[in-house]
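Trainee: would you be able to build a 3D model of this:
(one chain, ligands or ions: 1)
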Amino acid sequence: MRERSFVMLKPDAVKRRLIGDVLNRFERRGLKVVATKMMVINKELAEKHYAEHAEKPFFKDLVDYITSGPVLAMVIEGGECISLIRKMVGATNPKEADMGTIRGDYAIETGRNMIHASDSTESAVREISLFFKDSEICNYILPDEEIIYEEP
Ligand code: UDP
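Mentor: Numbering: from 1, shown residues only. Coordinates of the predicted model:
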């Protein structure tokens, strides 16, 4: 099995009807969506997910924002996909994000930066288990994996 990352479209992305556009980018890249869940996150889960930022001045606003509407939580699989997806997402502050990245193409402010993606193997494992049971993640093979990868 290739690497897995936890990716989440935040409420601003869902409310702006950008789910399709963003998923299309991941699929076109050759990545595989193996789990999705639309949900409104409660405060407790939001605080756990962003625990590393608990002492930061923006923590309360961040929790308010992420719980303000539906998110699309997902697990994406692909070769070295954690760093690949971070590159596709772009810098935390969309004003500093390169054009061609998701934040650089669609967002303006850090507090409304549309998307979360795991930043390391450890956070991916932790975040996936916060949002998904093992049984909710699908194992399947796509026919073009042997075209996309040198070693399928
Ligand atoms: N954030 C914020 N203000 C800041 C820094 C971060 O509102 O000054 C929010 C923003 O939504 C960001 C999230 O907190 O995506 C998590 O911050 P992190 O540094 O982990 O950035 P990311 O990994 O999302 O790029």
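
Trainee: who in the protein is up against the ligand?
Mentor: When proximity is defined by Cβ under 6 Å from any ligand atom, the chain lies next to the ligand at 53, 58, 62, 92, 110-111, 113, 116, 119. For glycine as for every other residue, the C-beta is placed from the backbone atoms N, C-alpha and C.

Trainee: just flag the most distant two among these.
Mentor: Using Cβ to Cβ, the pair of the residues of the chain next to the ligand lying farthest apart is G111 and D119, separated by 18.4 Å.

Trainee: tell me how far the residue in the chain that the ligand sits nearest to lies from A35.
Mentor: Ranking the residues of the chain by distance to the ligand (Cβ to the nearest ligand atom) places T92 first, at 3.4 Å. Using Cβ to Cβ, to the nearest Å, T92 is found at 25 Å from A35.

Trainee: of those two, give the one with the bigger neighbour count.
Mentor: The neighbour comparison of T92 against A35 (other Cβ atoms under 10 Å) goes to A35, with 19 against 10.

Trainee: contact partners for the closest residue to P94 other than its chain neighbours?
Mentor: Leaving aside its chain neighbours, P94 sits nearest to A107 (3.7 Å; criterion: Cβ to Cβ, 6 or more residues apart in numbering). Each residue near A107 by Cβ atoms under 8 Å, 6 or more residues apart in numbering is listed here: 12, 94, 97, 113-114.

Trainee: just I115 next, same as before
Mentor: Applying Cβ under 8 Å, 6+ apart, the residues near I115 are 7-10, 13, 22, 89, 102-103.

Trainee: let's see that with 10 Å instead.
Mentor: 7-10, 12-13, 18, 22, 71-72, 85, 88-90, 101-103, 106-107 (Cβ atoms under 10 Å, 6 or more residues apart in numbering).

Trainee: now do N139
Mentor: Here N139 is in contact with 1, 34, 77 (Cβ under 10 Å, 6+ apart).

Trainee: show me which of the residues you listed are buried.
Mentor: 34, 77 (16 or more other Cβ atoms under 10 Å).

Trainee: and the residue nearest to P94, what pLDDT?
Mentor: For A107, the pLDDT comes out at 98.

Trainee: try M1
Mentor: What the model reports as pLDDT for M1 is 80.

Trainee: how about E146?
Mentor: Reported pLDDT for E146: 94.
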